[in-house]
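Undergrad: The amino acid sequence is not available; the structure is as follows:
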């Protein structure tokens, strides 16, 4: 089981001590990592640098999941997104022969529409955050039920076929990418 620092284990009277301070510091660290990486992805003109910044973003989100006592989501974030999707992006960049000097050319209308959508999203999120009823009492962390989740997902007759089919699909995509990359070199 993954060791996590409990943010929600602070007593209601506020005397959390070193555990609350360490948990808060880790939260701010992972949040800054996720937001900073996302900003670097959005504003980077180099595709390789954007892919590396995406690694930090996904790692920060995995750290936040771990702080929320969700070890399954934290490990799934690392395995699926960092281990799978990010590697696929990097292979895609390498297979398309993108040079390090390649830059994205952003048009003015893309900046305008992107800025308008970002402002609209920020206003919507702010209105939801202001209107929400936030509970301030301490909540006991949920019990670890990763084993029950694994049994439910991988039991025969349930979702096992879906996992097997997705692994065969990913294998076919990798073989196809290798074939296409080999065909271009000839």
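TA: Received, thanks. Keep in mind the model is a prediction, meaning the values are calculated, not measured.

Undergrad: gap between residue 167 and residue 160?
TA: To residue 160, residue 167 is 11 Å away according to CB to CB, to the nearest Å. The C-beta positions use only the backbone N, C-alpha and C, and glycine is treated the same way.

Undergrad: Equivalent analysis for residue 34, please.
TA: For residue 34, the distance to residue 160 - CB to CB - is 33 Å.

Undergrad: With neighbour numbers in mind, choose between these two.
TA: residue 34 (19 against 12; other CB atoms under 10 Å).

Undergrad: Spatially nearest residue to that one, not counting backbone neighbours?
TA: Counting by CB to CB, 6 or more residues apart in numbering, the nearest residue to residue 34 once its immediate chain neighbours are dropped is residue 60, at 3.2 Å.

Undergrad: Show me what secondary structure element comes after the helix or strand hosting residue 19.
TA: Taking DSSP states H and E as the criterion, residue 19 maps to helix 17-43. Going down the chain from helix 17-43, the next helix or strand is helix 47-67, by DSSP H and E.

Undergrad: That following helix - contacts with which helices or strands?
TA: Helices and strands touching helix 47-67, by 3 or more CB pairs under 8 Å, 6 or more residues apart in numbering; DSSP states H and E, are helix 17-43, helix 71-76, helix 87-95.

Undergrad: how far is the helix or strand of the chain with the lowest mean pLDDT from where the chain is centred?
TA: Here the helix or strand of the chain ranked lowest by mean pLDDT, DSSP states H and E is helix 87-95, holding a mean of 75. Remark: helix 87-95 is offset 18 Å from the chain centroid, using CA atoms, centre = their mean, to the nearest Å.

Undergrad: Tell me the buried residues in it?
TA: Under the neighbour-count criterion of 16 or more other CB atoms under 10 Å, helix 87-95 has 89, 90, 93 buried.

Undergrad: Kindly reformat those as a markdown table containing distance to residue 78.
TA: Below are these laid out as a markdown table (distance: CB to CB, whole Å):
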| residue | distance to residue 78 |
| --- | --- |
| 89 | 15 |
| 90 | 16 |
| 93 | 21 |
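
Undergrad: Return the member of those residues nearest to residue 115.
TA: Residue 115 lies nearest to residue 89 out of the buried residues of helix 87-95, by CB to CB, at 25.0 Å.

Undergrad: Kindly state the pLDDT recorded for the nearest residue to residue 63 once chain neighbours are set aside?
TA: Spatial nearest neighbour of residue 63, chain neighbours left out: residue 30 (3.6 Å); criterion: CB to CB, 6+ apart. Per-residue pLDDT puts residue 30 at 96.

Undergrad: What of residue 43?
TA: pLDDT recorded at residue 43 is 85.
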